[in-house]
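S.K.: need the 3D shape of this:
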Amino acid sequence: MHKVWSRAEPTRECKDTHDIFPKDLLKQQPSTFVPSYEKDEPAMSLLLGWEYGRLWLKEHKES
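M.R.: All right, here's what the predicted structure looks like:
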């Protein structure tokens, strides 16, 4: 038995805002880890050599 095609209709109305990241959640999070190199200007050689990654891993492990 074949059904007759009919246009799809919305089942609910859209919200005005889409809170993918609710503002309440941001307030509840504890202070985040900030590595020491965030205080200095970035150096391209350290970025390319993955030094910042090594520093981040080391400092994150110690904290």
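S.K.: what's near enough to touch Leu57?
M.R.: Residues counted as contacts of Leu57 (CB atoms under 8 Å, 6 or more residues apart in numbering): none. In short, each C-beta sits where N, CA and C put it, glycine included.
S.K.: and it, what's its pLDDT?
M.R.: Looking at Leu57, its pLDDT reads 91.
S.K.: likewise for Glu51?
M.R.: The model reports Glu51 with a pLDDT of 91.
S.K.: so what's it closest to, chain neighbours aside?
M.R.: Ser45 (7.9 Å; CB to CB, 6 or more residues apart in numbering).
S.K.: any chance you could list what contacts the helix or strand where that neighbour lies?
M.R.: Applying DSSP states H and E as the criterion places Ser45 in helix 44-48. When contacts are defined by CB under 8 Å, 6+ apart, helix 44-48 is touched by residues Tyr37, Glu51, Tyr52.
S.K.: now, which of the residues you listed sits nearest His2?
M.R.: Of all these, His2 sits closest to Tyr52, with 62.1 Å by CB to CB.
S.K.: the closest one touches Tyr37, doesn't it?
M.R.: Yes: using CB atoms under 8 Å, Tyr52 is in contact with Tyr37, at 5.8 Å.
S.K.: contacting residues around Glu9?
M.R.: Counting by CB under 8 Å, 6+ apart, Glu9 has no contacts.
S.K.: tell me the pLDDT at it?
M.R.: The model's pLDDT for Glu9 equals 77.
S.K.: with the one 5 residues further on instead?
M.R.: With respect to pLDDT, Cys14 has a value of 65.
S.K.: go on, the one 3 residues further on?
M.R.: As predicted, Thr17 sits at a pLDDT of 66.
S.K.: one more: Gln29?
M.R.: 55.
S.K.: please apply the same query to Arg54.
M.R.: Arg54 is given a pLDDT of 91.
S.K.: can you point me to the longest helix in this structure?
M.R.: Criterion DSSP state H: the longest helix present in the chain is helix 51-62.
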